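A.B. asks: with the input below, show me the fold.
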Amino acid sequence: MAIIKYSPLVNELRGSVGNGTFQRSVAGSILRNKPVPSSRISQQITDVRSAMPAVTFAWRNLSPEQQLNWKNFLYYSPDFMRKSPKTLLSGYSLFVKYNTLRLLRGLTILSDIIFSQVTQMNAVITILSDSSNLYMETTAPIDSTTWFLQMQLSRSSGSKYSRQLKYLRIIDHVNSHPESVPFTAGYVKAWGYVPVPFQYIGVRYTFFHASMPYIFSPSVKLLQIDEY
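C.D. replies: Below is the predicted model of the structure:
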């Protein structure tokens, strides 16, 4: 950092030049090293951005009949925009939404779809902790061969009014039991620690079908972690 004395012709400089930034301080005008902007891009955003080109390319390679099937599926099973709940998705938007979920889960892109009615997922989610392990339990069994689950959880907080409960990250998990899903390692990978019972946590869970673009995704819920 260097203190600057201006000449009669120049009485102020602002902004950045090269690696230096001119600014005012208590000591007067100074030149300091230009700050390096911190990256707030999460791994989730990086993964989604990586999946988008592949999904977009796959859509362009569909035949007109295949694209029409994706559009018509929305009349068979409507899906709406999150920020505009009364606006129906386009066939392209459904294709991108569903296949991005598949790629993030390690699955291949689904191009051809069939029209068949399925039972909507109505499982109620509970988050449990025994201080060293985390589990998600459901009120209805999940058939992991038919339904895939994407979990998004926030940092935990002792206050249900904490702003950090709004920021979610995708959590890796293991479908080892139809009614109890352990995800301790995934949470530690995403947030770096294991929350304790009775703290609050922001949760969004998305179920999507293995062979049809059915997607059931409730809004973000605030849950208190129960003791296992």
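A.B. asks: in the strand ranked longest in the chain, which residues are buried?
C.D. replies: Using DSSP state E to define each element, the chain has its longest strand at strand 200-209. By 16 or more other CB atoms under 10 Å, the buried positions in strand 200-209 come out as 200-209. For the C-beta atoms, the positions are set from N, CA and C on the backbone; glycine is no exception.
A.B. asks: distance between the helix ranked longest in the chain and the chain's centre?
C.D. replies: For the chain, the helix with the greatest residue count under DSSP state H is helix 43-60. Taking CA atoms, centre = their mean, to the nearest Å, the mean C-alpha location of helix 43-60 is offset from the chain mean by 13 Å.
A.B. asks: what do you get for stretch 221-228?
C.D. replies: Relative to its chain's centre, stretch 221-228 lies at 20 Å (CA atoms, centre = their mean).
A.B. asks: contacts for it, please.
C.D. replies: With contact meaning CB atoms under 8 Å, 6 or more residues apart in numbering, stretch 221-228 is reached by 125-130, 133, 135, 156, 160, 165, 195-204.
A.B. asks: what comes up buried for that stretch?
C.D. replies: 223, 225.
A.B. asks: dump that stretch to PDB, restricted to CA.
C.D. replies: These are the backbone C-alpha positions of stretch 221-228, laid out as PDB (Å, rounded to 0.1, in the frame of the first residue of the first chain):
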ATOM      1  CA  LYS A 221     -38.900 -27.000   3.500                       C
ATOM      2  CA  LEU A 222     -37.500 -26.100   6.900                       C
ATOM      3  CA  LEU A 223     -37.000 -29.200   9.000                       C
ATOM      4  CA  GLN A 224     -35.700 -29.700  12.500                       C
ATOM      5  CA  ILE A 225     -33.300 -32.600  12.800                       C
ATOM      6  CA  ASP A 226     -34.700 -35.300  15.100                       C
ATOM      7  CA  GLU A 227     -32.600 -37.500  17.300                       C
ATOM      8  CA  TYR A 228     -32.100 -41.000  15.900                       C
END
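A.B. asks: quick check: PyMOL command selecting the buried ones in the contacts of stretch 221-228.
C.D. replies: Command for PyMOL, covering only those of the contacts of stretch 221-228 found buried under the criterion 16+ other CB under 10 Å:
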select buried, resi 125+126+127+128+129+135+156+165+195+199+200+201+202+203+204
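A.B. asks: picking that back up, and the helix or strand just after the longest strand of the chain, what does it pack onto?
C.D. replies: Sequence order places strand 215-216 as the next helix or strand after strand 200-209, per DSSP states H and E. For strand 215-216, the elements it packs on are helix 91-104, strand 200-209, judged by 3 or more CB pairs under 8 Å, 6 or more residues apart in numbering; DSSP states H and E.
A.B. asks: ranking those by mean pLDDT, which is last?
C.D. replies: Ranked by mean pLDDT, the helices and strands packed on strand 215-216 bottom out at strand 200-209, with a mean of 89.
A.B. asks: that one: how far from the chain's middle?
C.D. replies: Taking CA atoms, centre = their mean, one finds strand 200-209 lying 10 Å from the centre of the chain it belongs to.
A.B. asks: then stretch 208-216?
C.D. replies: Here the centre of stretch 208-216 is set off from its chain's centre by 18 Å, with CA atoms, centre = their mean.
A.B. asks: local confidence estimate at residue 42?
C.D. replies: 61.
A.B. asks: use 605 as the first number for this chain going forward.
C.D. replies: Taking 605 as the first residue, the last one we looked at is residue 646.
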